[in-house]
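Novice: Okay, predicted coordinates and the sequence, questions at the end:
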Amino acid sequence: MNGPIRTTCPYCGVGCGVIARRGPKGDVVLKGDPAHPANHGQLCSKGTALGDTLGLEGRLLYPEIDGARATWEESLDLVASKFAEVIARRGPNAAAFYVSGQLLTEDYYITNKLMKGFIGSGNIDTNSRLCMASTVAGHIRAFGADAVPCCYEDLEAAKLVVLTGSNAAWCHPILFQRIKAAKRKDPDKKVVVIDPRRTATCELADLHLPIRPGADAILWNGLLDWLQSRGVVDYAFLEEHTKGFGRALAAAKTREGIPRVAASCGLLAEDLVRFYEWWARDERVVTVFSQGINQSTSGSDKVSAILNCHLLTGRIGKPGSGPFSFTGQPNAMGGREVGGLANTLAAHMGFTPENVDRVGRFWKSDRVASKPGLKAVDLFERVLDGEVEALWIACTNPAVSLPNTSRVRDALAKVPFLVVSDCMRTTDTTRHAHVLLPALTWGEKDGTVTNTERCISRQRAFLDAPGEARPDWKIFCDVARRMGFEGFDFTSPKEIFAEHAALSAFENNGTRDFDIGGLVDAYDSLEPVRWPAPEDNAAGTKRLFADGRFYTDDGRANFVAVSPRPPAYVPDVEFDLVLNTGRVRDHWHTMTRTAKSPGLASHLPEPYVEMHPSDAADRGLSDRQLVRIETPWGEMVARIKAFEGQRRGSVFVPFHWTGEYARLGRVGPLISSETDPTSGQPEFKHTPARVIAYAPAWHGFLLLRGEGSAPCSDYWVRVPGDGFTQFDLAGDHRPETWASLGRKLLGSVGGTARPLEFHDEARGRYRAAFVEEGRLVACLFVASSDDLPPRRWLQGLFHSDSLSDVERMGLLAGRPASGHEDDGPIVCTCFGVGLNVLVRAIRREGLASPEAIGAALNAGTNCGSCVPEVEALLDEHRAA
Ligand code: SF4
């Protein structure tokens with residue numbers, strides 16, 4: 001790297017610009033890009049910690065066949081010949097690809113071209129099915145195309161921002177910060193959060209509507225009816241630019257009006273009316289919606305119910321106004337553009353005969369698939385029943401992320417030929433692969449991504465390719481050529497981007513929304529640009545539909561009649577709670593990258609279930625207790641996080657933990673395979689569940705210098721730290737002796753060295769520490785209760801090259817010897833400020849505002865991601 005390199009963050013759909021530079025010690029220094037329109041130089045906690053994640057630990061660096069190292073030639077030959085053989089014997093639909101919103105657009109383009117264009121099947125789907133498919137369906141039904149109308153500036157220009165089913169503070173932090181800054185400048189700006197639980201996003205809310213899970217369509221239908229009945233209608237827009245309003249209104253009308261809607265939504269009528277009035281009073285309204293709307297068996301209808309309200313009022317295509325879906329993944333939008341979803345063909349074209357013919361002529365192929373392929377959940381079901389015999393998974397971990405993952409694992413174990421291309425060697429999915437192909441990852445590869453506001457940006461390489469890893473586009477091209485297909489002679493992502501741009505413009509003439517014909521030659525110098533960017537407007541387009549013309553046959557937007565449906569499964573006597581799943585602030589997907597950052601990993605180190613304290617008490621459960629969460633489909637173990645902001649009757653569990661990081665912490669097996677009939681998106685937000693005590697006979701934790709494998713215990717969670725690894729442990733059976741349990745858990749830790757040991761058989765305690773040449777190598781604490789020493793001070797001992805006598809004494813005593821106070825788990829990742837430090841500052845030093853805390857401790861002064869938690873701590877402890 002000779003100078004600064006501009007790239008984009010690999011995590012969420014905000015798509016922040018990042019600048020990579022060589023640091024003074026030869027390391028890579030990463031900062032936010034001040035010139036990028038998404039973030040203007042800011043990064044959230046995940047983006048700030050990107051530098052921690054660049055190491056090669058755990059990387060897949062060489063191809064493998066059946067677990068043994070192989071050459072690229074052998075591996076590619078085998079993949080091509082196996083796929084060709086299956087297709088020849090069973091037809092193209094016996095082959096399938098399952099890819100990812102983490103792929104770059106050029107990778108995505110090639111995978112789609114190979115499957116739909118030349119193998120001749122629609123069987124390529126992407127993990128975007130799990131997060132955005134309902135939005136895609138809703139957009140296409142209303143607008144005739146999967147088009148996001150808004151841009152980020154609309155969030156700032158709006159007088160009302162509604163966030164429904166979106167915890168933007170944690171999941172799209174930079175957009176949350178932009179809304180926050182705009183609200184600070186404009187005291188009249190209102191923010192409404194609609195979410196069953198009080199999330200960090202509620203820090204900004206003038207009104208929080210803790211809606212009954214699953215009732216979203218009722219609330220939005222109610223708004224449609226309320227707006228129409230009060231004449232809050234843009235009649236000219238309705239008349240000239242839409243159709244189908246009558247049917248939509250008839251479906252939305254409730255005879256009982258507001259009281260009935262409020263009761264159905266579990267809300268106070270006055271709160272609902274206040275929301276409706278705020279929505280009505282200024283046309284600058286942006287409705288942000290995300291996974292809380294999409295991940296439902298009626299997600300498409302929920303999206304339609306929101307879009308209907310914007311169409312009725314003409315609040316679309318204008319500054320500060322429009323429905324705005326926040327995309328989960330960094331390139332979910334790019335995947336949608338190339339046809340990564342099984343039900344779209346390419347370049348936002350569907351499977352009409354004209355489009356199939358057009359794409360076939362462009363690709364010079366007479367084998368283009370003529371109909372949609374299998375959507376994600378169905379795809380793995382067809383693997384299970386033997387219809388799909390050859391499967392290639394790229395850049396994703398479906399053994400963790402799909403619903404009902406026990407069935408997915410069965411499918412992966414059963415499929416006759418499984419190829420996985422990934423950057424990581426060991427994931428819950430790679431362990432099933434017959435062929436493993438090492439792929440490049442962020443920082444090593446070049447291409448483009450599209451963010452939530454349709455903005456296409458470059459990702460640029462600033463690291464050398466490690467081992468024998470290759471870019472995904474090249475791996476797929478090499479297999480395509482071996483299968484005898486022409487049209488895959490690309491030598492760079494630049495050539496692929498040019499073809500992708502040319503296809504978007506091919507016979508388009510303004511009839512299709514996705515046209516980037518003006519960017520065909522722009523790759524090398526591409527600046528962030530929002531599509532459409534056709535040949536005569538290469539500078540791009542801020543917002544869509546300003547002229548009221550949509551991409552339907554007659555140019556009018558469609559209202560969709562929505563009859564609200566209950567979730568697929570509702571609580572009953574046996575499973576009396578609603579399980580909701582989602583993200584945490586500092587982890588990304590299945591943690592393969594974020595777990596490399598000790599700061600990120602320590603924010604919420606253990607799988608947890610957030611539960612209202614009264615719901616916990618009703619079940620004889622208490623805060624911090626380990627519990628079993630059970631549904632009709634599976635079970636897991638997590639620790640209770642009692643929280644009054646959780647809606648009663650509902651619980652929340654994060655989805656990040658995999659079998660690599662927690663033995664019993666995966667939530668995927670608990671979710672049903674039921675999907676939205678239109679979008680195919682699963683229902684991750686509404687699963688009947690019960691929570692019962694998990695009463696282990698013992699608890700413990702082990703801290704090891706460096707890395708290590710999990711001790712043999714019924715419950716373990718691995719938490720990577722700065723120079724050490726922590727394992728939280730528990731076991732079902734009382735040991736014969738505590739010393740024997742301790743020694744079994746230590747296994748080969750410490751080699752032949754003897755540990756310093758303490759055990760109290762009567763009270764059920766065992767402690768051990770290995771110290772070598774003055775340095776702590778490992779320590780283990782086991783007890784019959786979960787009254788264990790605090791972790792932070794022990795973790796700090798791994799940074800010492802020479803333990804003092806006092807520290808050694810403290811080790812076996814299980815507490816720091818001289819009045820040392822533990823810092824507690826990390827809240828501010830950027831500055832490593834712990835929970836206990838913040839609580840002490842509030843309670844003892846009387847710090848009473850985030851600003852005062854920032855000034856004293858720095859917490860919250862970099863990315864700001866922790867400020868909502870600091871606010872919550874202030875609320876809880878200020879009075880004390
Ligand atoms: Fe990355 Fe954070 Fe920006 Fe998302 S908001 S793109 S995670 S820096």
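Specialist: The structure has been received and is ready for your questions.
Novice: which residues are in contact with stretch 250-258?
Specialist: 221-222, 224-226, 260-261, 269, 272-273, 305, 308, 561-563 (Cβ atoms under 8 Å, 6 or more residues apart in numbering). To be clear about C-beta, it is placed using only N, CA and C from the backbone, and glycine gets the same treatment.
Novice: Excluding covalently adjacent residues, which one is nearest to the residue of the stretch 1-150 of the chain found nearest the ligand?
Specialist: Closest to the ligand within the stretch 1-150 of the chain is Gly47: 2.5 Å, counting by Cβ to the nearest ligand atom. Nearest residue to Gly47, sequence neighbours excluded (Cβ to Cβ, 6 or more residues apart in numbering): Cys9, at 4.8 Å.
Novice: shouldn't that neighbour be in contact with Leu43?
Specialist: Yes. Counting by Cβ atoms under 8 Å, Leu43 is a contact partner of Cys9 at 7.0 Å.
Novice: Run a quick neighbour tally on the residue of the stretch 501-650 of the chain found nearest the ligand.
Specialist: Nearest residue of the stretch 501-650 of the chain to the ligand: Trp588, at 7.3 Å (Cβ to the nearest ligand atom). Neighbour count for Trp588, taken as other Cβ atoms under 10 Å: 21.
Novice: Mind checking what secondary structure it has?
Specialist: coil (DSSP: H, G, I helix; E, B strand; the rest coil).
Novice: contacting residues around it?
Specialist: Counted by Cβ under 8 Å, 6+ apart, Trp588 has contacts Tyr11, Cys12, Lys46, Thr594, His656.
Novice: With pLDDT, distance to Asp27 and neighbour count as added columns, please give those in a markdown table.
Specialist: A markdown table is the format used below for the contacts of Trp588 (pLDDT from 0 to 100; distance: Cβ to Cβ, whole Å; neighbours: other Cβ atoms under 10 Å):
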| residue | pLDDT | distance to Asp27 | neighbour count |
| --- | --- | --- | --- |
| Tyr11 | 95 | 21 | 25 |
| Cys12 | 95 | 25 | 27 |
| Lys46 | 94 | 19 | 26 |
| Thr594 | 90 | 19 | 25 |
| His656 | 93 | 27 | 26 |
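Novice: still on that earlier bit, test for you: state the pLDDT assigned to the residue of the stretch 501-650 of the chain closest to the ligand.
Specialist: For Trp588, the pLDDT comes out at 88.
Novice: Same question for Ala880.
Specialist: Reading off the model, Ala880 has pLDDT 66.
Novice: before we move on, the earlier item: please report the distance of the residue of the stretch 501-650 of the chain closest to the ligand from Tyr11.
Specialist: Between Trp588 and Tyr11 the computed distance is 5 Å (Cβ to Cβ, to the nearest Å).
Novice: shared neighbours, these two?
Specialist: Residues touching both Trp588 and Tyr11 by Cβ under 8 Å, 6+ apart: Lys46.
Novice: helix, strand or coil for Glu821?
Specialist: Strictly by three-state DSSP, Glu821 counts as coil.
Novice: Give me the neighbour count for it.
Specialist: 13.
Novice: what does the one 5 residues further on give?
Specialist: Number of residues near Ile826 (other Cβ under 10 Å) recorded here: 25.
Novice: What distance do you get for it to Asn836?
Specialist: Separation of Ile826 from Asn836 (Cβ to Cβ) stands at 11 Å.
Novice: next one: Tyr661
Specialist: From Tyr661 to Asn836 the distance is 25 Å (Cβ to Cβ).
Novice: ok, those two, which is more surrounded?
Specialist: For Tyr661 versus Asn836, neighbours defined as other Cβ under 10 Å are more numerous around Tyr661 (25 against 16).
Novice: For the closest residue to the more buried one other than its chain neighbours, identify the helix or strand it belongs to.
Specialist: Distance criterion Cβ to Cβ, 6+ apart; nearest residue to Tyr661, sequence neighbours excluded, is Arg718 at 5.1 Å. Element membership of Arg718 [criterion: DSSP states H and E] is strand 715-720.
Novice: now do Leu30
Specialist: Assigned by DSSP H and E, Leu30 falls in strand 28-32.
Novice: Can you classify whichever residue of the stretch 201-350 of the chain sits closest to the ligand as helix, strand or coil?
Specialist: Residue of the stretch 201-350 of the chain nearest the ligand, by Cβ to the nearest ligand atom: Pro330 (6.7 Å). Secondary structure for Pro330, judged by three-state DSSP, is coil.
Novice: Verify the contact between it and Cys16 for me.
Specialist: No. Using Cβ under 8 Å as the test, Pro330 is too far from Cys16 to be in contact (9.5 Å).
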